[in-house]
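# please find the sequence and the predicted model below.
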Amino acid sequence: MLKMRKIAILLLVMTVFSGTFTQAGLGRSVLLPSAHAASATLSLTVNQKNAAVGQAVEVVVKGEQLNDLYGFEFKLKYNTAKLKFKQASAAWKGMPISPIDKDGVITFAHTKIGKEKGVGGSAAIATFTFEGAANGKASFELVAAKLVDSQVKAVQLQNAAKLTLLLSSSTPASFNDTKGHWAEANIARAASLGIVTGFENGAFQPNGWVTRSQFVAMIGRAFELNAKQAKEVDFKDKGQFPAWAEAFIAEAVNADVISGYDDGTFRPSRQITRTEMVTMTMRTSGFPLDANAAIRFADAAQIPVWAKPAVVAAASRNLLKGRSGNRFEPQAKATRAEALTFILSLVDEQNK
């Protein structure tokens, strides 16, 4: 009887998983409804908050409120420019099907065999191991997941979970004008994560004013922007966009992080204010923005109404520091050092 059950399970694996494999021949996870029960969820987690080029990165698929999970098939999408895939493994014994990596999508399947009980409750399901290949933002997405119970019932999921990770460079960044600056460590860290770059003369210009195009590029490198639309961005001054900023501007506009002016221009070289710095960054955070909360800065009355929810959200999480006299100085220009420091504070808050 046990032998017959093993044969049946083998046939189940071939039936459930073979079609997909024939065709095959991602500081923050998003949860969506998952397998088996309406309350079940899948998520992606990473084994370390600070990953570096050349080091191993383990991405774990976890399930919550599972019910009799006996087998699975996952399709995990990842950045091939930032990561090298090494291996995939299941969290329990059984019969795995060797992972197939094609065009940045890994397909991996596994099933229990014999009279094993299905997995219930909260559990790690599978681990995907990578090696960091280049610094910057690396994303993972569980684009498809098929979960099977011991009674051969299957549930197919799409876009089940997402995760974004920042990989740091294996060699420290160095600039000729940051030694002794109050943000020296933050500048080096942001550069190693690929969030900022310096100038051709080896300088960073930490006290220089940050422009709209520079800041949008910083945000685009640091965060996974969720574009609400995918239309071509057309501004009257598009010809003035730096080539390196064009894609970042389009992404940020489509994600409602930044917009143009009433005259149809974007003004990429315009220097941003502290108010704009905080507002644009907090729009990427996913944190609730409460317009009714109190603002602790002495010059709170000078903060524009449209910016208060973002400023409150940042201040309430201690992401934001005022200037002398506990003043926010909303209309003051933001320096490059201030901008990257604020971005890093949000990165760390999201990765708690």
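Received it, and whenever you're ready, just let me know what you need.

# Leu66 - how many residues pack around it?
Leu66 has 23 neighbours, counted by other Cβ atoms under 10 Å. C-betas here are computed from N, CA, C, even on glycine.

# against Gly120, how distant is it?
Distance of Leu66 to Gly120, computed by Cβ to Cβ, to the nearest Å: 5 Å.

# now do Asp177
Distance of Asp177 to Gly120, given as Cβ to Cβ: 58 Å.

# got the contact list for Ser169?
52-53, 135, 191-194 (Cβ atoms under 8 Å, 6 or more residues apart in numbering).

# tell me which helix or strand in this protein has the weakest average pLDDT.
strand 32-33 (a mean of 37; mean pLDDT, DSSP states H and E).

# helices or strands up against the helix or strand just after that strand?
Heading C-terminal from strand 32-33, the first helix or strand you meet, by DSSP states H and E, is strand 41-46. On a contact count with 3 or more Cβ pairs under 8 Å, 6 or more residues apart in numbering; DSSP states H and E, strand 41-46 meets strand 32-33, strand 56-78, strand 136-149, strand 154-168.

# immediately after strand 41-46, which helix or strand?
Where DSSP H and E defines the elements, the next helix or strand beyond strand 41-46 is strand 51-52.

# partner strands of that following strand and their direction?
Paired strands of strand 51-52, with direction, are strand 154-168 (parallel) (DSSP bridges).

# give me the buried positions along the partner strand.
Buried residues in strand 154-168, defined by neighbour count with 16 or more other Cβ atoms under 10 Å: 154-155, 157, 160-168.

# tell me which two of those sit farthest apart.
Ala154 and Ser168 (40.0 Å; Cβ to Cβ).

# now Leu346, what are its backbone angles?
Torsion angles at Leu346 (phi, psi; degrees, to the nearest 10) stand at phi -70, psi -40.

# now swap in Thr273 and tell me
Dihedral pair for Thr273: phi -90, psi 170, per degrees, to the nearest 10.

# excluding its backbone neighbours, what's nearest it?
Gln331 (5.4 Å; Cβ to Cβ, 6 or more residues apart in numbering).

# neighbour-wise, give me the winner out of the contacts of Ser169.
Going by other Cβ under 10 Å, Leu193 tops the contacts of Ser169 with 25 neighbours.

# sorry, back to before: just checking, the residue nearest to Thr273 touches Gln302?
Yes - Gln331 lies in contact with Gln302 (Cβ atoms under 8 Å); the separation is 7.3 Å.

# Asn318 versus the residue nearest the centre of the chain, what's the distance?
Using Cα atoms, centre = their mean, the residue of the chain that lies closest to the mean C-alpha position is Thr164, 2.5 Å off. As judged by Cβ to Cβ, Thr164 and Asn318 stand 22 Å apart.

# tell me which of the contacts of Ser169 is nearest to Met282?
Using Cβ to Cβ, the contacts of Ser169 come closest to Met282 at Leu193, 19.4 Å.

# mind pulling up the pLDDT for the closest one?
Predicted confidence (pLDDT) for Leu193: 92.

# cool, and Ala8?
For Ala8, the model assigns a pLDDT of 43.

# for Ala40, same thing?
Predicted confidence (pLDDT) for Ala40: 68.

# go on, Thr129?
pLDDT, Thr129: 97.

# turn the helices and strands packed on strand 41-46 into JSON lines, including distance to Ile125.
Shown next, in JSON lines, are the helices and strands packed on strand 41-46 (distance: least, Cβ to Cβ, whole Å):
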{"stretch": "strand 32-33", "distance to Ile125": "15"}
{"stretch": "strand 56-78", "distance to Ile125": "5"}
{"stretch": "strand 136-149", "distance to Ile125": "9"}
{"stretch": "strand 154-168", "distance to Ile125": "11"}
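
# which of these comes out lowest on mean pLDDT?
Mean pLDDT is lowest for strand 32-33 out of the helices and strands packed on strand 41-46, coming in at a mean of 37.

# confirm Thr178 sits in a helix?
No - counting by DSSP: H, G, I helix; E, B strand; the rest coil, one finds Thr178 to be coil, located in no helix.

# please shift the residue numbers so they start at 27 in all later answers.
Got it, first residue is 27 now, which makes that one Thr204.

# Gly228 is in contact with that one, correct?
No - using Cβ under 8 Å as the test, Thr204 is too far from Gly228 to be in contact (10.3 Å).

# quick one: list the elements packing against the helix or strand where Met306 lies.
Under the criterion of DSSP H and E, Met306 resides in helix 300-308. Using 3+ Cβ pairs under 8 Å, 6+ apart as the contact test, the elements touching helix 300-308 are helix 238-248, helix 334-342, helix 362-376.

# elements contacting the second one?
Packing partners of helix 334-342 (3+ Cβ pairs under 8 Å, 6+ apart): helix 300-308.
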